[in-house]
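**Q** sequence-free structure coming up:
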Ligand SMILES: Nc1nc2c(ncn2[C@@H]2O[C@H](COP(=O)(O)OP(=O)(O)OP(=O)(O)O)[C@@H](O)[C@H]2O)c(=O)[nH]1
Ligand SMILES: [Mg+2]
């Protein structure tokens, strides 16, 4: 392997069918839109030209150039076959194979060729600088019908945007997920070229990947690979503010990470000629795992302490006896905006998914003088990662104390039906379906009046615009009526049981 200065960096001895490339060629990091900085010159003992595997290595390693030297009968070098990547697909191929030349007649200015290639790649994708943002390609491999697949992709884009990632392209592949790479190897190679053209360093999959898929795709493409769950975890990690929130997110992240810790930096891990080989490295892996487990134990202990404090707070609140209204709903439905408008507060609201992670409570006095506590909660999402639900269980369990849940729904969102379903599923899994719930259709200002009215009837809901106080009157009245009603019922039940007890003891 020869670097840009023409210096031989690696001499590798292998078998006639395959060679094992050292892992530390990874240190030849691929910059944005840049090639590897290494060209691979190897021998073909049979008199054959570049093979499909050679070309795949060219693509997946983004080599500057790949050459094969064949051997003549008398054992001296014969012909040289070379190929390089192309910034544009021509004849359905991402590479150009140069005409073979006799050894000794080689007359390519490699350096100049490589530089001009890189220039072409750079020209094709002028890379706008996005401060600190990863540039990502989003991929979905699915057998779902077109509509839902695209909608899911839209949500993934939103998630990516919320995590501060810059999306350069998105691809939906309609096929059954292949076990190893999810996509076929050919498609994967196109993806690598696309990443090169667009200067992307990150692949985000809409489907959840199992640990060995992450490993195969990462190893093969040398791009960072994450899935939807990891993206959500990442957003949560950026958003957590309180001690408890941070512990919960880190717990979820580590639990997710543990089975995915793989032996990295083994001496030799890449096998050219296809099949990936795995070297030693267990020791390193074990150390990492142990460290993660220790950290998990530590966090769990800390969480227990924080939870005790939370339980005390909860008990105090109960003793105060004020009714509690909890605002729940899909992320960006407008929960925090509603709390702000109702209580004239200014907690963070943002046009991003998961703006709120840590619950906030405020007091609210209704016109007829009922006083309540109103709380804002973390937003829900379809397929909320189970480690996250587990980590946030304590926070979410507080919803049990609520006298009324306000389910805020974004009426302007095209995925409204799925969003309602997702929220209701999560409520079910948290066993919260017995708490009285009021459906609130928010952002009515963004849809036609007719549509809002029809939806209200169909869903037995109240339409509002959380940004506009004027629109909240019917909602406030409904909340107050409901609260008075449940409280009266509560009182009646307490009274009934008191009487019952007295009757029995008396
Ligand atoms: N047009 C319009 N936009 C609204 C309305 N209510 C909220 N929004 C906007 O919707 C976005 C999300 O609002 P948030 O209140 O942060 O939503 P949330 O439900 O708290 O979201 P998470 O905390 O991420 O779960 C913000 O950009 C709000 O300004 C509304 O009635 N009309
Ligand atoms: Mg919020």
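**A** In hand now; what should we look at? As the structure is a prediction and not an experimental result, all values here were calculated from the model. Numbers count the residues shown, from 1 in each chain. Ligands and ions are numbered 1, 2, ... in the order given.
**Q** low-confidence ranges in this protein?
**A** Residue ranges of the chain with pLDDT under 70: 26, 29-33, 90-92, 124-132, 262-287, 489-495, 497, 500-501, 504-506.
**Q** what does stretch 141-156 rub up against?
**A** Residues from elsewhere that reach stretch 141-156 (Cβ atoms under 8 Å, 6 or more residues apart in numbering): 138, 140, 170, 172-178, 182-183, 204-207, 228, 231, 381-382, 414-415, 418. Where C-beta positions appear, they are placed from N, C-alpha and C, glycine not excepted.
**Q** and if we set it to 10 Å?
**A** Contacts of stretch 141-156 with the rest of the structure, by Cβ atoms under 10 Å, 6 or more residues apart in numbering, involve 136, 138-140, 167, 170-178, 181-184, 187, 204-207, 209, 227-228, 231, 331, 353, 381-383, 413-415, 418-419.
**Q** in its sheet, what does the lengthiest strand in the chain sit against?
**A** Across the chain, the longest stretch assigned as strand under DSSP state E is strand 77-90. If you go by DSSP bridges, strand 77-90 pairs up with strand 65-71 (antiparallel), strand 93-102 (antiparallel).
**Q** chain center to it, what's the gap?
**A** Put simply, strand 77-90 sits 37 Å off its chain's centre (Cα atoms, centre = their mean, to the nearest Å).
**Q** From the contacts of stretch 141-156, list the buried ones, please.
**A** When those are checked for burial by 16 or more other Cβ atoms under 10 Å, the buried set is 136, 138-140, 167, 170-173, 177, 181-183, 187, 204-207, 209, 227-228, 231, 331, 353, 381-382, 413, 415, 418-419.
**Q** all helices for the stretch 201-350 of the chain, in order.
**A** 211-221, 228-239, 243-257, 282-320, 335-343 (DSSP state H, counting those that start in this stretch).
**Q** Out of these, which is closest to ligand 2?
**A** Of all the helices of the stretch 201-350 of the chain, it is helix 335-343 that lies closest to ligand 2, at 3.2 Å by Cβ to the ion.
**Q** Can you classify residue 14 as helix, strand or coil?
**A** Using DSSP: H, G, I helix; E, B strand; the rest coil, the structure places residue 14 in coil.
**Q** Hmm, residue 22 and it touching each other?
**A** No: if you go by Cβ atoms under 10 Å, residue 14 and residue 22 don't touch, sitting 11.5 Å apart.
**Q** what's the nearest residue to the residue in the stretch 401-506 of the chain that ligand 2 sits nearest to if we skip its chain neighbours?
**A** Relative to ligand 2, the nearest point of the stretch 401-506 of the chain is residue 408 (9.6 Å; Cβ to the ion). Counting by Cβ to Cβ, 6 or more residues apart in numbering, residue 329 is the residue found nearest to residue 408 once chain neighbours are left out, at 3.7 Å.
**Q** ok, how many other residues are close to that neighbour?
**A** 24 (other Cβ atoms under 10 Å).
**Q** Contact partners for it?
**A** By Cβ under 10 Å, 6+ apart, the residues touching residue 329 are 335, 338, 377, 379-380, 405-410, 419-420, 423, 439-440, 442.
**Q** From residue 338, how far out is residue 413?
**A** Relative to residue 338, residue 413 is positioned 16 Å away (Cβ to Cβ, to the nearest Å).
**Q** for residue 56, same thing?
**A** 54 Å.
**Q** more crowded one of the two?
**A** Taking other Cβ under 10 Å, residue 56 and residue 338 do not tie; residue 338 has more neighbours (25 against 19).
**Q** The stretch 101-250 of the chain against ligand 1: which residues are in contact?
**A** Residues of the stretch 101-250 of the chain lying close to ligand 1 (Cβ under 6 Å from any ligand atom): none.
**Q** which residues in the stretch 101-250 of the chain form strands?
**A** For the stretch 101-250 of the chain, strands defined by DSSP state E, counting those that start in this stretch occupy the ranges 135-142, 166-174, 202-205, 224-227.
**Q** Any residue of stretch 379-391 touching ligand 1?
**A** Yes: judged by Cβ under 6 Å from any ligand atom, stretch 379-391 and ligand 1 are in contact via residue 379.
**Q** Find the nearest non-adjacent residue to the residue of the chain found nearest ligand 1, please.
**A** Across the chain, no residue is closer to ligand 1 than residue 379, which sits at 2.3 Å (Cβ to the nearest ligand atom). Leaving aside its sequence neighbours, residue 379 sits nearest to residue 331 (Cβ to Cβ, 6+ apart; 3.0 Å).
**Q** pretty sure that neighbour contacts residue 380?
**A** Yes: with contact defined as Cβ under 10 Å, residue 331 reaches residue 380; the gap is 6.6 Å.
**Q** Mutual contacts of the two, please.
**A** 354, 419, 423.
**Q** Kindly identify which of these also come near ligand 1.
**A** residue 354.
**Q** residues touching the closest residue to ligand 2 within the stretch 51-200 of the chain, list them.
**A** Here the residue of the stretch 51-200 of the chain nearest ligand 2 is residue 162; by Cβ to the ion that distance is 11.9 Å. Residue 162 makes contacts with 231-232, 234-235, 238-239, 331-332, 350-355, as judged by Cβ under 10 Å, 6+ apart.
**Q** try 6 Å
**A** 235, 352-353 (Cβ atoms under 6 Å, 6 or more residues apart in numbering).
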